[in-house]
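Q: A structural model of the following input is requested.
(2 chains)
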Amino acid sequence: MRRTLLNALDRGAPLIAALLLLLIWEAACRLTKVPAYLLPTPSAIVHSAFQVPLSSWLDHTWATLRVSLQGYALAVLIGIPLAVALANSRLLSRALYPQLVIIQSTPIVAVAPIIVVVLGAGDAPRVVITFLITFFPIVVSTVTGLLATPPAMMELSRSLGAGRLRAVRDIQLPFAVPYIFSALRISVTLAIIGAVVAEFVAAENGLGFFIAFSTSFFKVPQAFAALVVLVSLSLALFQLVALTQRLLFPWSLPKTEQ
Amino acid sequence: MSTRLEPGGERPAIRFDRVGQVFTSSDGSRVTALDDVSFTLRRHEFVAVIGPSGCGKSTLLRIIAGLVKPTHGQAEIYGLPVAGPREEVGIVFQQPTLLPWLRVRDNVTFPMKHKHGRVSATEKARAEELLEMVGLRDFAHKRPDELSGGMQQRVGIARALLHDPDILLMDEPFSALDALTRDEMSFELLRIWAERPKTVLFITHSIPEALLLADRILVMSARPGRVREIIDVGLARPRSMQTLSEPRFHDLANQIRAQVFRPEALA
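A: Next up, the predicted model:
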């Protein structure tokens, strides 16, 4: 009896903790009478969420999702082949790596307005900003994975007299799968960040735009509601990438997660 | 790709002709790994190479495998100088070197898949046959990390035998295994070799293992690696646990031990 109770408590711990935190938040706001434009109560956030029409939520969410996924896809499509090239050519890696580090060291938020000026209105500048934020972790992690291929495996390939491309396809890339997916998981959440940053700079829709718009009218509960949607979106994409790995490459997961 | 030669007449299967190997390390110093090694293996002969670590045993194998070009002299297979990896050679590495993302049966057929991009039905059937031969028929669908070290090395052997190579190069294949598994694998290898005769070059640092397996033993000295003595084992085949207790086994073991530990100055 006691054991089952403890067990239930153990399983429900994350949810219970979250609910408790919300309760404390709600109580603290009501007791201290903090105005809603500074820190709204959870109930006020829920209430304001329902005052915004559903079609408007869908519009903004879709705009952010669209830009995130386009930038992310671009980063994957360019990042992985580039990583293969960098891992297999000393010359190329010596020539390009410093450039990549410079791009990564540049605060993208600072460059965003410039990109918007150059590329004008529309999705293009936002996709580029998202791409720039997501691209680097994918390249670095993939290169690390490719280079971590045990020399014995590469020697096996050489002893079979197969070409370099085959070694990449049959040995290096499969070996790098766990590395690639850890980057893909991080990058998909970065993609949301990229899209939001871009929307802060210049946009007429998207959840980032909606937050900026709401706060400028002191509709802080509404901004919080948008934040909740953003976090849910980010979590959902993260889980989707994890699920893809589980379905397509179950062997690449740590033994405990298989 | 490489042409497969019909093993012709009296030509030796493998010939090392005054092979020398000098490595230049990153700080510019030069290390002589092999010095003036000349040796021949007859067709279907089982030769073990033994010597202290750092005597260039593995380099010898890598040269005949076409993975390393010797700095001096040359290595030949059926009278042709080795210029790269050859079709008639199968290699078993020190570590099983299985690909963890492939099932056991796909690891066995990997050489074909890797070289030609596809695996024919005949090769698939042959892989099953080989897995049966190494006692792993029921593990064909497993992944390598579900197998013990000994089982993994059996898969490595099956993979090396897939294209029925005439020459088998083995680089301390059992050194990572525990002593009991090791003996078991030695007898296993002898059984396979009796079933499908091959020229075997077997690198080891275990004297009993070399004696149990080989027709002849090449004893090497350390740094630079030179051939110190070639020993005719002459123990009756088929060999078994009894072989280990024969007086000749012990005499030879002592003789080799003395050679391996003989100071270089007296050589």
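Q: Where does pLDDT dip in chain A?
A: A:1, A:257-258 (pLDDT under 70).
Q: for the chain, longest helix please?
A: Just so you know, I chose chain A. What stands out as the longest helix in chain A, according to DSSP state H, is helix A:54-88.
Q: Chain B is the one I meant
A: Max-length helix for chain B by DSSP H is helix B:179-195.
Q: now that one: how far from the chain's centre is it?
A: With CA atoms, centre = their mean, to the nearest Å as the basis, helix B:179-195 stands 13 Å off its chain's centre.
Q: Return the list of helices and strands in contact with the longest helix of chain A.
A: Under the contact definition 3 or more CB pairs under 8 Å, 6 or more residues apart in numbering or on different chains; DSSP states H and E, helix A:54-88 sits against helix A:90-105, helix A:123-147, helix A:173-201, helix A:207-216, helix A:220-248. C-betas here are computed from N, CA, C, even on glycine.
Q: any idea how far the spatially most central residue of chain B is from chain A?
A: The residue lying closest to the centre of chain B (CA atoms, centre = their mean) is residue B:170, at 1.8 Å. Remark: distance between residue B:170 and chain A (CB to the nearest CB, to the nearest Å) = 13 Å.
Q: Surely that residue and residue B:94 touch.
A: No. Checked against CB atoms under 8 Å, the pair residue B:170 and residue B:94 is beyond contact range at 9.1 Å.
Q: and the stretch 1-150 of chain B, which of its residues are near chain A?
A: B:1-2, B:65-67, B:84-85, B:87, B:89, B:91, B:93-95, B:97, B:99-101, B:110-111, B:113-115, B:117, B:143, B:145 (CB under 8 Å from any CB of the partner chain).
Q: ok, back up a step: enumerate every residue touching the residue nearest to the centre of chain B.
A: Listed by CB atoms under 8 Å, 6 or more residues apart in numbering or on different chains, the contact partners of residue B:170 are B:61, B:91-92, B:200-203.
Q: Looking at the stretch 151-258 of chain A, which residue is nearest chain B?
A: Scanning the stretch 151-258 of chain A for the residue nearest chain B gives residue A:161, at 4.2 Å (criterion: CB to the nearest CB).
Q: For that residue, which non-adjacent residue is spatially closest?
A: Counting by CB to CB, 6 or more residues apart in numbering or on different chains, residue A:161 lies nearest to residue B:85, which is 4.2 Å off, once chain neighbours are set aside.
Q: tell me the contacts of the one you found?
A: So residue B:85 contacts A:158-161, B:2, B:65-67 (CB under 8 Å, 6+ apart).
Q: Let's see the PyMOL selection covering just the buried ones among the residues you listed.
A: Only the buried entries of the contacts of residue B:85 go into this PyMOL selection, using 16 or more other CB atoms under 10 Å in any protein chain shown:
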select buried, (chain A and resi 158+159+160+161) or (chain B and resi 65+66+67)
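Q: Tell me the pLDDT of residue B:217.
A: Looking at residue B:217, its pLDDT stands at 93.
Q: Helix, strand, or coil at it?
A: Assigned by DSSP: H, G, I helix; E, B strand; the rest coil, the conformation of residue B:217 is strand.
Q: how many other residues sit next to it?
A: Close neighbours of residue B:217, defined as other CB atoms under 10 Å in any protein chain shown, add up to 26.
Q: Just give the nearest non-adjacent residue to it, would you?
A: Sequence neighbours aside, residue B:231 is the residue nearest to residue B:217 in space, at 4.5 Å (criterion: CB to CB, 6+ apart).
Q: related to what we said a few turns ago, drop anything exposed from the residues of the stretch 1-150 of chain B next to chain A.
A: Looks like the residues of the stretch 1-150 of chain B next to chain A have B:65-67, B:85, B:87, B:89, B:91, B:93-95, B:97, B:99, B:101, B:110-111, B:113-115, B:143 buried, using 16+ other CB under 10 Å.
Q: Understood, closing this out.
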